[in-house]
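Enquirer: Sequence and predicted structure are below.
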Amino acid sequence: MSTRWATASAAPLFGYLRLTYDNPWDVMSDPWSGCVRSTDPTYGCLGQHTISYHKNRQGWMGSKRAVVPIYDQFTLTVEQIAKPVTSNYLMVEIPINGSTTHYYTVEVRRNTSVAEVGYDVKVPDNAVIIHDVDTTREIPAHILDSDSNGDPGDAGAQWTVGETFTDVATLSPWR
């Protein structure tokens, strides 16, 4: 990714410091965390992949890799967004109260090992990540941090197998 693109197409992300650049799940927000795990001799610190909202917005995922469910109850298998190995969905977009501008995105991130050769070696852990997206906000994508401690890289911002997220706007649980 060139510096020109990053500057011209700034994709702001909201994280724990209430600043644009502080989320370890997104290269556009925090490319410098974890540099010890991903450094190139020529280019220096390499960034992790960007979040699914930005990949979808830029058209990088393809129309068949993102889904907006049309039923209240559904089951989907979501693939990791970095180096996917199946043709499963890469992102789920769940409207909040039927809105087309306010919704959640759900994505899977996998902390790759250095041996696997992957930019996501820098993400905090293997997890399902949820963003509250409101396209009418100046900074549309806000990572959900369930423990509200202000750290989007800890367990409060990561969902794992068996955990349930309950949408406070609609009181709908999803697992």
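Expert: Great, that's in hand.

Enquirer: Now for this structure, the helix or strand with the poorest mean pLDDT.
Expert: Ranked by mean pLDDT, DSSP states H and E, the weakest helix or strand in the chain is helix 3-8, scoring a mean of 29.

Enquirer: who's in contact with residue 76?
Expert: 67, 69, 88-89, 92 (Cβ atoms under 8 Å, 6 or more residues apart in numbering). For the C-beta atoms, the positions are set from N, CA and C on the backbone; glycine is no exception.

Enquirer: What subset of the residues you listed is buried?
Expert: 67, 89, 92 (16 or more other Cβ atoms under 10 Å).

Enquirer: residues contacting the closest residue in space to the first one that isn't next to it in sequence?
Expert: By that I understand residue 67. When the adjacent residues along the chain are set aside, residue 67 lies closest to residue 89, with 4.8 Å between them (Cβ to Cβ, 6 or more residues apart in numbering). When contacts are counted by Cβ under 8 Å, 6+ apart, residue 89 touches 65-67, 76-79.

Enquirer: Identify the bridge partners of residue 89.
Expert: As for beta bridges, residue 89 partners with residue 78 under DSSP bridges.

Enquirer: Please report the distance of it from residue 79.
Expert: Using Cβ to Cβ, to the nearest Å, residue 89 is found at 7 Å from residue 79.

Enquirer: What of residue 145?
Expert: 24 Å.

Enquirer: what are the phi and psi values for residue 77?
Expert: phi -110, psi 120 (degrees, to the nearest 10).

Enquirer: Just the pLDDT at it, thanks.
Expert: As predicted, residue 77 sits at a pLDDT of 87.

Enquirer: any chance you could map the helices in the chain?
Expert: Per DSSP state H, the chain has helices spanning 3-8, 52-57. These are given in chain order.

Enquirer: how about low-confidence regions in the protein?
Expert: Scanning the chain for pLDDT under 70 picks out 1-22, 30-32, 72, 113-118, 168-175.

Enquirer: rerun that using 80 as the cut-off
Expert: Judged by pLDDT under 80, the chain has its weakly predicted residues at 1-39, 63-64, 70-74, 112-119, 150, 161-162, 166-175.

Enquirer: Perfect, I'm done here.
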